[in-house]
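> The sequence and its predicted three-dimensional model are supplied below.
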Amino acid sequence: METHIPYYAVIFTSTRVEDDKGYVEMAQQMEDLAKQQAGYLGIESASGAIGITVSYWKSLEAIANWKANTDHLFAQQQGVKDWYSWYKVRICLVEREYDFER
């Protein structure tokens with residue numbers, strides 16, 4: 001991920017219904033589409049009993065533009081209708097970061 005501190009993280013935490021057919025394909029389409037958006041910096045995701053996806057953005061404006069994207073709006077509506085039993089979105093300002101790699 002290309003870093004521009006400070007930047008924003010959108011943390012999407014969710015639980016899915018048992019029969020979430022089509023979810024994996026749509027999630028990949030949304031990741032591919034997000035990568036094309038102005039202000040996109042990267043994404044990290046993990047799934048298990050709770051799914052967590054964190055996308056990184058240069059600005060609040062870039063996040064608002066992504067949320068309003070027509071294809072993304074359709075996926076959001078389908079998620080509420082078909083895939084999620086619960087979700088929460090958090091938008092955070094990242095002021096500092098560090099990491100470790102072996």
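Yes, it's here.
> bridging residues for the most centrally placed residue in the chain?
Against the mean C-alpha coordinate of the chain, by Cα atoms, centre = their mean, the closest residue is S55 at 4.5 Å. Here S55 sits in beta bridges with V10, I43, going by DSSP bridges.
> Poorly predicted segments of the protein, please.
Along the chain, segments meeting pLDDT under 70 span 1-3.
> The residue nearest to the centre of the chain contacts Y40, doesn't it?
Yes - contact criterion Cβ atoms under 8 Å: S55 and Y40 qualify, at 7.3 Å. From N, CA and C alone the C-beta is placed, and that goes for glycine too.
> need the strands for this protein, in chain order.
Using DSSP state E, the strands found in the chain span residues 7-16, 40-46, 51-57, 84-94.
> OK, contacts around S55?
Each residue near S55 by Cβ atoms under 8 Å, 6 or more residues apart in numbering is listed here: 9-10, 12, 34, 40, 42-43, 66.
> Pull out the buried residues from the residues you listed.
Among these, the ones that count as buried by 16 or more other Cβ atoms under 10 Å are 9-10, 12, 34, 40, 66.
> ok, so of those residues, who is nearest E97?
Nearest to E97 among those: A9, at 9.8 Å, using Cβ to Cβ.
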